[in-house]
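**Q** heads up, no residue letters with this:
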C-alpha cells in the first residue's frame, strides 16, 4: 500500500515550510527513525525522521519549494506496515491520507523530533530550543526527574555541556579552586548539596555530578569501571581538581586518579569520605536492598542506616527515593560491587601509590554501619585519617561544617 | 505622609470610623459589636460616637443579619454586616448568592448592592472544624461578588474604605490571626483600589502567590531560602475578585516558576484557578510545573498538632518552593 507523506506542522504558528533536501534517495527503503528530509521554517532547520518503515517512491516537491502545512510532499510504499503517515498521539487515525491528504492531521513537531519516545522538557525549554534550532532530543536535562529546562538549552546553545553526559550542578564562583564531588551508591549529587554550598560560601567552585545509573544522568552502569570511564573525561590536566568522594564514589575517585597519574593527570588532592574498597566488610543487605527495594517502608529503614538525619525524612522524600530506586537501574551494579556479602572492589594499593605524590585524606565515622571504619587504620602512613566518633556513613551530613573545614584547609595553601 | 505602626484591627476601625463620619448612609450591624465592641475589638468606641441606630447589635441569626444587610443595600444605604466566623455566613448564602450577586444584572444595572460583609476565617488556636475554615473559594466562584482578603493593616484599612465607596457586594474576608499584627499605615486618607496586587518581596528565581495569613508565611519561607541564595518573589493579590492577573503573569514571565500558597483545602480552591490562568496565559514561559501548596482536603481538626498539619506551615511552603526549583529530595531532607 502506498501513502502520501504530508508537510508536518513543526511549530505552533507554522503555516508553511521549505523542503531543504531529501536524505533518502528515491527507491530506497528506510526504517522508523531514519532521517527522511530536512525542512526549513522561519525559525529553524530540522531533520524529519520517518515515523515508521517504508520505501520512498516519489518526491512531490523539490529542494527549495515552499509548501503549505498538510500538503503532500512524497509518495511512499508502506511495504505492509500499518499506515503511520497520519499518526497522531495515541489516537487511531480513521482518515485515509491517500484519499484526502489535506485532511490528515500533521504529526506534532515534538513527536517528529523524537521517534524513539519523547524527552521530558518544560514548555519554555522547548520554545527556546526551537528558536535556537536545537533538537531537544539531544539535550541533557538537569531538571527534576531529568527534564530539560531553559538552563540546559542555554548550556547547549553556548557551547555544550562541559560535563560530558553526566548531569551536574555547579556551586560557587567560576574562578574558584575547583572541587569535584562524587556521591556514593544509590545517592546522587543532591547528597552533597549542603557540603557544596558550604564550600561555595568559602569561595570554592564545587561541581557535583550524578554518576551513571544514578540521579538524572541517563547513562547506565554495570560495573565500577563504567563509573570510572564516565568520570575520567572530567579531569583537565591544565587545571587539577580536588576530588571529594563518598563511599563507592571514593573507590571511583581512587581509580580515576590512579589512571590519570595523579597531579599530572588533573587531580590535585583526594578527600575520601567513608570510602569503599579498603576492606572486605560491607553491609551487603543495604546494597542489595537499595538496588531493589521491596517497599517504601524498607527504604525508610535502609536510609536510617546512613545517618541519624534520615530519621527525619518525610514520606514525600522517602517516596521520591523509593520511586527512583524502584526503576531498578542499580541492580547490575550492586551485583558487581558485592559478592558473597563481601566487597569486590580493592583500591588499597592504588591509594598507597597515589599518597606518595598527592595529598590524600580519609574521613571516617565510627558509627558507620555500611563499611568498617577500622579499615582506615591500615592505610599508608602518608594518608591523613580524620575520625568522626559520632558520625555514621555520612560525616558530610552529620558534621558538614567540619567536613567543609577539612576540605578547605586542604585546598587553600 | 509619615507612617505609623498600628494593628490590623485598629486599621479596620479607622476605616469604618472615617467612612461613617464621611457618609451617613454607612452603618454596621453584628453580634456583640456595639456595647462589647466586637469579639475582635474592631468596632470598639463606635457606639459612643455614632449611636445605637448606626452601630447595632443583632441576635445570633446570621440569615436574618445578611438578609437585612442585602435589603438595606438595595434600598440605598451602605451596610456593613459583621459575621463573627465566615463558617456562619453559610446561613446567609441564599441572600448572598441568589440576591446580592444577581441583583445588578437582573435589574439591567439599575439596582446596585453596596453590601459589605466583614467576616474572618482561617485555622489556628484549636477552634475546630466549624470555626476555622477558609471559604473564599465559595464566594470566588459566584459571579457578581467582590472577594477581598487583606494581609496587612494598611490594606485592611485601604481596601475596606474602597469597599464602602464602590457599589457591588463585597465579601471582606479577614483572618483571625491577623487582628493583633502590626504594620505601617499611612496617616490621613488611605484608600486601596480593588484589583491591584502588591509585590511583597522582589525576587528573580521563583514567584510565590499568597494571600491573607499565607503572605507572612511565604515571606518567612523566602527569608529561609534567601540564606541559600534562592531569590523568591512574593505576590499578594489582595483582592481575589477582581484578580491582578497582569502582575502575576508578569512575575511568572520573569521568574519562570510559580508556587501558589493557600490555607484553604486544595480541592476546588482559588489556587487551582490561578494555576489554570498561569498555564493558559503563560504556558510557554514556564520552566517548571506550577506548584500548589494548600491545606489538606479535611475538616480542620481540633487537636493542635493535627490542626497545624492540615494547613500549610512555613516548612511546607519552603518544600513547595524547593519542588518548583527541583532541589533534590536528599538535600532537602539533610538540611
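**A** It's in. Not measured: the values here are computed from a predicted model.
**Q** make it CA atoms for all contacts and neighbour counts henceforth
**A** Noted.
**Q** any weak-confidence spans in chain B?
**A** Low-confidence segments of chain B (pLDDT under 70): B:1-2, B:327-335.
**Q** Around residue 71, count how many other residues there are.
**A** If you meant another chain, say so; for now it's chain A. For residue A:71, the neighbour count with other CA atoms under 10 Å in any protein chain shown is 20.
**Q** my bad, chain B
**A** Residue B:71 is flanked by 18 other residues according to other CA under 10 Å.
**Q** Can you classify residue A:128 as helix, strand or coil?
**A** helix (DSSP: H, G, I helix; E, B strand; the rest coil).
**Q** Would you mind giving me the confidence score for it?
**A** What the model reports as pLDDT for residue A:128 is 86.
**Q** Tell me how far it lies from residue B:281.
**A** Taking CA to CA, to the nearest Å as the measure, residue A:128 falls 17 Å from residue B:281.
**Q** who's more crowded, these two?
**A** Set side by side, residue A:128 and residue B:281 show more neighbours around residue A:128, with 21 against 12, by other CA under 10 Å.
**Q** Now for chain A, the helix or strand with the poorest mean pLDDT.
**A** helix A:109-113 (a mean of 29; mean pLDDT, DSSP states H and E).
**Q** any idea how chain A splits into domains?
**A** Per automatic domain parsing, the domain ranges recorded for chain A read A:2-91, A:99-162, A:168-411.
**Q** Contacts for stretch A:141-160 next, please.
**A** A:119-122, A:124-125, A:128-129, A:132, A:134, A:136, A:139-140, A:161, A:167-168, A:215-218, B:287-288, B:326-328 (CA atoms under 8 Å, 6 or more residues apart in numbering or on different chains).
**Q** hey, least reliable of the domains of chain A by pLDDT?
**A** domain A:99-162 (a mean of 64).
**Q** quick one: buried residues of stretch A:279-292?
**A** Neighbour counts over stretch A:279-292 (16 or more other CA atoms under 10 Å in any protein chain shown) mark A:279-284, A:286-292 as buried.
**Q** An error on my part: the question was meant for stretch B:262-277.
**A** Neighbour-count burial for stretch B:262-277 flags B:262, B:263, B:264, B:265, B:266, B:269, B:270, B:271, B:272, B:274, B:275 (criterion: 16+ other CA under 10 Å).
**Q** And it, end to end?
**A** Using CA to CA, the span of stretch B:262-277 from its first residue to its last is 16 Å.
**Q** For the stretch 101-250 of chain B, which residues are neighbours of chain A?
**A** residue B:228 (CA under 8 Å from any CA of the partner chain).
**Q** Report how many residues lie close to the closest residue to chain A within the stretch 101-250 of chain B.
**A** Nearest residue of the stretch 101-250 of chain B to chain A (CA to the nearest CA) works out as residue B:228 at 7.7 Å. Counted with other CA under 10 Å, residues neighbouring residue B:228 total 12.
**Q** And for residue B:247?
**A** 18.
**Q** what's in contact with the one helix or strand residue B:49 maps to?
**A** Assigned by DSSP states H and E, residue B:49 belongs to helix B:46-50. Helix B:46-50 is contacted from outside by B:17, B:20, B:34, B:35, B:37, B:54, B:55, B:56, using CA under 8 Å, 6+ apart.
**Q** Sticking with residue B:172, tell me its helix or strand.
**A** Counting by DSSP H and E, residue B:172 is part of strand B:170-175.
**Q** Need the contact partners of that strand.
**A** B:86, B:114-122, B:136, B:139, B:145-151, B:160, B:163, B:212-213.
**Q** Give the buried subset of the residues you listed as a ChimeraX selection command.
**A** A single ChimeraX command selects the buried members of the contacts of strand B:170-175 (16+ other CA under 10 Å):
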select /B:86,114,115,116,117,118,119,120,121,122,136,139,145,146,147,148,149,150,151,160,163,212,213
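**Q** Mind jotting down where the helices sit in the chain?
**A** Since you didn't name a chain, this refers to chain A. With helices called from DSSP state H, chain A shows them at A:109-113, A:123-132, A:150-157, A:193-201, A:224-231, A:248-260, A:284-291, A:296-304, A:315-325, A:331-337, A:348-354, A:395-398, A:400-411.
**Q** that answer is for a different chain, and I need it for chain B
**A** Under DSSP H, chain B gives helices at B:8-22, B:46-50, B:62-74, B:93, B:103-106, B:136-140, B:153-163, B:214-226, B:245-255, B:270-282, B:304-310, B:314-324, B:329-334.
**Q** Chain A against chain B: which residues are in contact?
**A** In this structure, chain A approaches chain B at residues A:122-125, A:127, A:143-144, A:149-150, A:190-194, A:197, A:309-310, A:312-314, A:317, A:320-321, A:397, judged by CA under 8 Å from any CA.
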